[in-house]
Each structure stands twice: as C-alpha cells, then as structure tokens.
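>>> When you get a sec, could you give me coordinates for this:
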Amino acid sequence: MNRYLPLRMALMAVVLLTLLAALWAGLARLGWALPLLPPTLAAAHGPLMVSGFLGTLIGLERAVALGRRWCYAGPLLSGLGALALVVGLPGPAGPLLMTLGSLALVLVSGVIVRRLPALYTVTMGLGALLWLAGNGLWLAGRPVIQVVYWWGGFLVLTIVGERLELSRVTRPGGLAQMAFGLSVGLFVAGLLLSLALDASGMLLASAGLVALALWLGRYDVARRTVRRPGLARYVAANLLLGYAWLAASGVLGILLYGGVVTGFLYDAWLHTLFLGFVFGMIFAHALIILPAVAGLAIPFHPVFYGPPLLLHLGLLARVAGDLASWWPGRQWGGLLNAVAILWFLLQMVMMAVRGWLHGRAHETKEVLAAWNER
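Modelled structure (predicted):
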C-alpha cells in the first residue's frame, strides 16, 4: 500500500466536498431556492470551484507525480482554504490559505521545470504563476470579476501544457511550436495589460484564447484518436468539443470587451471557458487521472457519454439564454450543467465499485484455483 494513499483519499474527499458546495452555491446564484449555510456561500462559488476544487485537484496530481512528501503541502493548504470558505470562516483565512497553496504549486512546478526543461513544463509552470497572481490579487481585495481572468489563465495554461506534452505523437515542427508559444504569449500579455487597461488587455487575452483553440484543433492527437474505439474515442470527443468551447469563449471575450458589456454576455464568456472547456477536459481525463491519484480502477463503458452530452446541451441552453437575455434559459441551462456533473460523479463511483468487485472476484477465482491445485 502506498504510504501517501490515506492522505490522497482525505484530500480527494475535500475536493469532492468543495465541488458539491460550489455547485450548490452556483445554483443559488442562478435563483434556485436553496438554503445557504453559511449565507456567504453563494459569493464563494467562483473561488470554491477554481482555487478550492480545481486548484487542489491539480496540486494533488502534481504531488502524486513527484512522489515527495512536501509536495502535498500545496493541495493541503488550498483544501483547508476551501473548507474555510465552505464553513464561512470570517476574515482572510480562506484566501490566505489558497494563496499559500498556489505558492506551493509554483515551487512544485519549478522543480518539474528544473528536472525536465521543455515548452510544456514551462507553460504549466506559467499557469501556476497565474494562479498565484490571481490569488494574490484576491487576497489584496480585488473583486472576483477581475481575479477570475487570472484563475482562468491558470486552468487554460495547465491544460494546454498537458496537451502539448501529448502532441509529441503528432510531432509538431518548429514553426508549430513557435505558433504555440506566440499564442501563449499573446494570452499572458493580455492579462498583464489588463492590470492597467482592462478592456484592451482582455481583448488581447481573448484573441490568445482563440489562437490556442485553433492550435489545439490543428495539432492535438485527439484528431487521430477520435477514430479509435472505446476510451480513446470518448477522450478525444470530449477534447475536441472542449476546444470548440475555448474558441467560443475567446470570441465572446472579444465581443464583451469590444464595447458590448452586459451581465448576460459576461456569464456566457465565463461558462463557455470554465464549463465548456475546463469541465470538458475533466470529463475527458478523469478516467485516466483518478485511478493514478486514488488507486481506483474505473473501467470504461459507453454510458459515460451521457454526462458530457447533458453538460454541453445545458451549456448551449445557458449561452442561448444569455445571448437572448432570457433568464429561464440561463437558469435551466445551469441546472442541467449541475446535474451533468453530479451524474458523472455518480457514474464514476458506480464504475469504480464495479471495477473493485470485478477485481475481488478475479482474486477469489485465483485463490480457489490455487487451493484446488494443492
């Protein structure tokens, strides 16, 4: 048994609790009549989803990859920060703990870059820096509406860095890698410019999102693996749909900061990025990452196509409601998104139990066969 497995399982429990709390808060923000305990939970929806759920999960994945005890400090700190927000702890405890957690991820990323200096490790390390910068701005009192761009950059660069690593199968040449670097540079430059000139900076960053989506659509290995059966096709289909949402988010960002600034359009931009792209990537990678992190075998079954389909249909309804300024479309689309995520979690648990029972049955057969041979 891995000596860190109990810690991993405890952190996974915190990750799950944080996700459930974030979903609950998100539905309350959409106007669904849900009790909020504490009352501050609704305002914590964004920080819980990004820094609590995703930040802790990514930190845990990095800690498992390096296998060093100190690497678990990051997800532990961000997880504690998430719990502070869930229970409504007053003061800066939650933001401070999450900021320290992101600082730990920067240190872990520095170790990874030193061990393996490459464009994809540098990209993921830059993503960790964006998370630290965003959390630092949040801790300093900046409103979430300004911080969320930096949080989005953390997730975008983490994901595209991982996909760049896997694109080695398609062997993108020097020009392709230069195009990738320029797209990342365009996005980061936009974020930096937004500190002084919000609209101009976000226009630039949104153009960077479109450029990254086009690069992924052209060079990602998913273009090939989508033709394969089973898990490979499932992963590739989710990836390609996610890239389409990333491009849509970039286009919406250009419209949003080109002068058409409305709450509905902002909601569409935000959720095409965080739901369409980020959760599309989660649905794609969860069946691969979770077994490595939690030590659980999750066999693939075509039933896993159900939650992504519902997620994307719900997001289409939400975006349509946003663009038409139609609140019920936005509200019901958000509910379908939450149901899709919960459905996916339930399926993961059911298939993990099925895999465990199948493994135990196989072990029992081997024991009986060995006994009979005696």
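>>> what sits against the nearest residue to residue 314 once chain neighbours are set aside?
Using CB to CB, 6 or more residues apart in numbering and skipping the chain neighbours, the partner closest in space to residue 314 is residue 336 (2.8 Å). All C-beta atoms are positioned from the backbone trio N, CA, C, and that covers glycine. By CB atoms under 8 Å, 6 or more residues apart in numbering, the residues touching residue 336 are 310, 311, 313, 314, 317, 318.
>>> what's the distance between the second one and residue 282?
Note on residue 311: its distance to residue 282, by CB to CB, to the nearest Å, is 10 Å.
>>> higher neighbour count, these two?
residue 311 (26 against 22; other CB atoms under 10 Å).
>>> Let me see the confidence value for the residue nearest to residue 314.
What the model reports for residue 336 is a pLDDT of 97.
>>> What distance do you get for it to residue 242?
17 Å.
>>> ok, now residue 127?
Look at residue 127 and residue 242: by CB to CB, they are 16 Å apart.
>>> where in the stretch 51-200 of the chain is pLDDT low?
168-171 (pLDDT under 70).
>>> how does it look with 80?
166-173, 197-198 (pLDDT under 80).
>>> In the stretch 51-200 of the chain, mark out all the helices, start to finish.
55-66, 73-86, 93-115, 119-139, 144-166, 174-194, 198-219 (DSSP state H, counting those that start in this stretch).
>>> Report how far apart the opening and closing residues of stretch 54-73 are.
Stretch 54-73 has an end-to-end distance of 16 Å (criterion: CA to CA, to the nearest Å).
>>> which parts of it are buried?
Residues of stretch 54-73 classed as buried: 54-64, 71-73 (neighbour count, 16 or more other CB atoms under 10 Å).
>>> Adding distance to residue 266 as columns, could you present the helices of the stretch 51-200 of the chain in CSV?
Below are these laid out as CSV (distance: least, CB to CB, whole Å):
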stretch, distance to residue 266
helix 55-66, 22
helix 73-86, 22
helix 93-115, 22
helix 119-139, 17
helix 144-166, 8
helix 174-194, 14
helix 198-219, 11
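>>> Of those, flag the one that's most buried.
helix 73-86 (a mean of 25; mean count of other CB atoms under 10 Å).
>>> Just the angle for that helix relative to helix 119-139, thanks.
30 degrees (axes from the mean of the first three to the mean of the last three CA atoms, to 10 degrees).
>>> In space, what's closest to the residue nearest the centre of the chain - neighbours in sequence excluded?
The centroid of the chain falls nearest to residue 278 when counting by CA atoms, centre = their mean (4.5 Å). Distances taken as CB to CB, 6+ apart place residue 155 nearest to residue 278, at 5.2 Å, with adjacent residues excluded.
>>> Distance of that neighbour relative to residue 35?
30 Å.
>>> Please apply the same query to residue 24.
9 Å.
>>> who has more neighbours, the two?
Between residue 24 and residue 35, residue 24 has the larger neighbour count (other CB under 10 Å), namely 21 against 8.
>>> Could you check how far stretch 264-276 is from the centre of its chain?
Chain-centre distance of stretch 264-276: 14 Å, with CA atoms, centre = their mean, to the nearest Å.
>>> mind saving the C-alpha coords of it as CSV?
C-alpha atoms of stretch 264-276 as CSV (Å, rounded to 0.1, in the frame of the first residue of the first chain):
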residue,chain,number,x,y,z
PHE,A,264,-25.5,38.1,-19.6
LEU,A,265,-22.6,38.2,-22.1
TYR,A,266,-20.1,38.0,-19.2
ASP,A,267,-21.9,34.9,-17.9
ALA,A,268,-21.7,33.3,-21.4
TRP,A,269,-18.0,34.1,-21.6
LEU,A,270,-17.3,32.8,-18.1
HIS,A,271,-19.1,29.5,-18.5
THR,A,272,-18.0,28.6,-22.0
LEU,A,273,-14.5,28.7,-20.6
PHE,A,274,-15.0,27.1,-17.2
LEU,A,275,-17.8,24.7,-18.0
GLY,A,276,-17.4,24.0,-21.8
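>>> Could you give the average pLDDT over that stretch?
On average, stretch 264-276 scores 93.
>>> Could you dump the buried residues of stretch 54-73 into a markdown table with distance to residue 291 added?
Below are the buried residues of stretch 54-73 laid out as a markdown table (distance: CB to CB, whole Å):
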| residue | distance to residue 291 |
| --- | --- |
| 54 | 19 |
| 55 | 21 |
| 56 | 18 |
| 57 | 14 |
| 58 | 17 |
| 59 | 18 |
| 60 | 14 |
| 61 | 12 |
| 62 | 17 |
| 63 | 16 |
| 64 | 11 |
| 71 | 19 |
| 72 | 19 |
| 73 | 24 |
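>>> Go through the residues you listed and name the one nearest residue 3.
Using CB to CB, residue 72 is the member of these that lies nearest residue 3, at 11.4 Å.
>>> Assess the claim that the closest one and residue 3 are in contact.
No. In terms of CB atoms under 8 Å, residue 72 does not count as a neighbour of residue 3; the distance is 11.4 Å.
>>> tell me the contacts of the spatially closest residue to residue 189 that is not a sequence neighbour?
Distances taken as CB to CB, 6+ apart put residue 204 closest to residue 189, at 6.1 Å, once the chain neighbours are dropped. Going by CB under 8 Å, 6+ apart, residue 204 touches 186, 187, 189, 190, 193.
>>> residues contacting the second one?
Residue 187 makes contact with 153, 156, 157, 204, 205, 208, 209, 211, 212, according to CB under 8 Å, 6+ apart.
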